[in-house]
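**Q** need a structure here:
(2 chains)
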Amino acid sequence: MQKYRYCLTIILLIYSASAFALPEITITIRDHLFYPSEVLVPSGQKIKLVFINQDPTPEEIDSFELNREKVVFGNAKANVYIGPLEEGEYHFFGEFHPSSAVGKVIVISPEAYANAY
Amino acid sequence: MLINTVILFLRDALPIFVLLSLLRVYVGTPWIQLSLGFAVGILLAAVVVLNQHIISQWAFGAGYELLKSLTLICAYLMSAWLVINNRSGAFWLAGVVVAIFVVPRSAEFSVFVVGFWFQKDALIPIVLGTTLGLGICISVAILLDVVLGGVKRLYLVRLSFSLFIAGQVANVVLLLQQIDWLADPGPLWNMSAFVSDESEYGHLLKVLIGYEAAPSSYYLSTLFFALLLPFVSRAIRLSSQRHKISNLENQT
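**A** So this is what the prediction gives:
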């Protein structure tokens, strides 16, 4: 029993460590708009996008290019992991407000990313 | 809001209607079992919607994806059983498949409807969009029922059913990648120039055969094995049955 506990602890630690180490970008949803609407990320790296919905109504983040689909409930937050991605632009939108809630992830080389920040 | 409601309805409801049609044609399930399964699914979805905030926060915010993955895998395994074994008389199992499959789909649509129901300017477009979406879904389901019902070769119906369930369970890969439970190796190719995911054909093919314009190797291998598994298992079962019969004949 003790052996299994150790194994489980190690698995959880490894899982948590990888999650904590990921670069994180926060995008706020307010009045059915994304802030910022464009985010720069480095290529070849996994990224954690944190969506914070400040509206009382839910929003569904959808991206055909990123192959992601996630509901963010009203006054709540949600995480979406993307990448590693090749350089380019990847659009995403709010499925419930597709005309206003639009944004894009711009993937640039790690060197360009380092220069930008 | 009107067009949006129709699109959401097609995305979430069309797979349910296709499943109902396929189960009716392939298993010959009476409407009573399918309707009961549907009703149970809606009730379970209501429980999910009422507890949506709690569920979505499970496992560091991965709860909803895990719930959806679990329901898709359960529905797939039960559907695969229908392909592997003798399908006649498994009406209640077909009902259970419907109930499980309906939960995440209707919960997703309910989040949209419940979220906007109380906005006075959103009610009419939602009702109209739901009516239009429902009409399209029913039309596709009837068309599928008529086309597959007229097919004389049963293996074609079995293949259609297997393709559908494999396409649905392959979505688990995308869900697990989204919550970082599975690595994303990137797309193998991109066919968006021919049939993009956001096009009408893309939506329809996604529902029917799990089409992805830019699939990853994980997605494709899951789709392939999910399609192959019931057929291989069925072949093994039939072969062992034939073996037993020939042994009995030799003994007598």
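
**Q** what kind of secondary structure is the residue positioned nearest the centre of chain A in?
**A** If you average the C-alpha coordinates of chain A and look for the closest C-alpha using CA atoms, centre = their mean, you land on A:Leu49, 1.8 Å from that point. Of the three states, A:Leu49 takes strand according to DSSP: H, G, I helix; E, B strand; the rest coil.

**Q** is it in a bridge, and if so with what?
**A** For A:Leu49, the residues forming beta bridges with it (DSSP bridges) are A:Ile25, A:Val80.

**Q** quick one: contacts for it?
**A** By CB atoms under 8 Å, 6 or more residues apart in numbering or on different chains, A:Leu49 lies in contact with A:24-27, A:39, A:79-82, A:105. For every residue, glycine as well, the C-beta is placed using N, CA and C.

**Q** tell me, how many residues neighbour residue 53?
**A** Answering for chain A, as no chain was given. Applying other CB atoms under 10 Å in any protein chain shown, we find 23 residues neighbouring A:Asn53.

**Q** should've been chain B
**A** B:His53 has 12 neighbouring residues, counting by other CB under 10 Å.

**Q** cool, the one 3 residues further on as well?
**A** By other CB under 10 Å, the residues close to B:Ser56 number 22.

**Q** flag every buried residue along the helix or strand hosting it.
**A** Taking DSSP states H and E as the definition, one finds B:Ser56 inside helix B:52-61. With burial defined by 16 or more other CB atoms under 10 Å in any protein chain shown, the residues of helix B:52-61 counted as buried are B:52, B:55-57, B:61.

**Q** check stretch B:15-31 too.
**A** Neighbour counts using 16+ other CB under 10 Å place B:15-27, B:29 of stretch B:15-31 among the buried residues.

**Q** which one of those is nearest chain A?
**A** For chain A, the closest of these turns out to be B:Pro15, at 13.8 Å, with distances computed as CB to the nearest CB.

**Q** from A:Gly44, how far out is that closest one?
**A** Using CB to CB, to the nearest Å, one gets 34 Å for the distance from B:Pro15 to A:Gly44.

**Q** say whether chain A is contacted by stretch B:187-204.
**A** Yes: among the residues of stretch B:187-204, B:196-198 lie within reach of chain A under CB under 8 Å from any CB of the partner chain.

**Q** and that stretch, end to end?
**A** 21 Å (CA to CA, to the nearest Å).

**Q** hmm, back to that, tell me the one of the residues of stretch B:187-204 next to chain A nearest B:Ile165?
**A** Each of these was scored against B:Ile165 by CB to CB, and B:Asp197 proved nearest at 20.1 Å.

**Q** circling back: got TSV for the residues of stretch B:187-204 next to chain A, with pLDDT too?
**A** Below are the residues of stretch B:187-204 next to chain A laid out as TSV (pLDDT from 0 to 100):
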residue	pLDDT
B:Ser196	91
B:Asp197	89
B:Glu198	85
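
**Q** now rank those residues by neighbours and give me the top one.
**A** When those are compared by neighbour count (other CB under 10 Å), B:Asp197 ends up highest, at 19 neighbours.

**Q** leaving out sequence neighbours, find the closest residue to that one.
**A** A:Phe64 (4.3 Å; CB to CB, 6 or more residues apart in numbering or on different chains).

**Q** correct me if wrong: the one you found contacts B:Ser196.
**A** Yes: checked against CB atoms under 8 Å, the pair A:Phe64 and B:Ser196 is within contact range at 7.1 Å.

**Q** hey, what's in contact with both of those two?
**A** Among the neighbours of A:Phe64, those also in contact with B:Ser196 (CB under 8 Å, 6+ apart) are B:Ala213.

**Q** which parts of chain A are strands?
**A** If DSSP state E is used as the criterion, the strands of chain A fall at A:24-30, A:33-35, A:38-42, A:47-53, A:59-63, A:68-72, A:76-82, A:88-94, A:102-108.

**Q** buried ones in the shortest one, by neighbour count?
**A** Applying a neighbour-count criterion of 16+ other CB under 10 Å, one finds A:Phe34 buried in strand A:33-35.

**Q** again, but for stretch B:232-239
**A** B:Arg234.

**Q** do stretch A:108-115 as well
**A** Here stretch A:108-115 shows A:108, A:113 as buried, counting by 16+ other CB under 10 Å.

**Q** having no further points to raise, I will conclude here.
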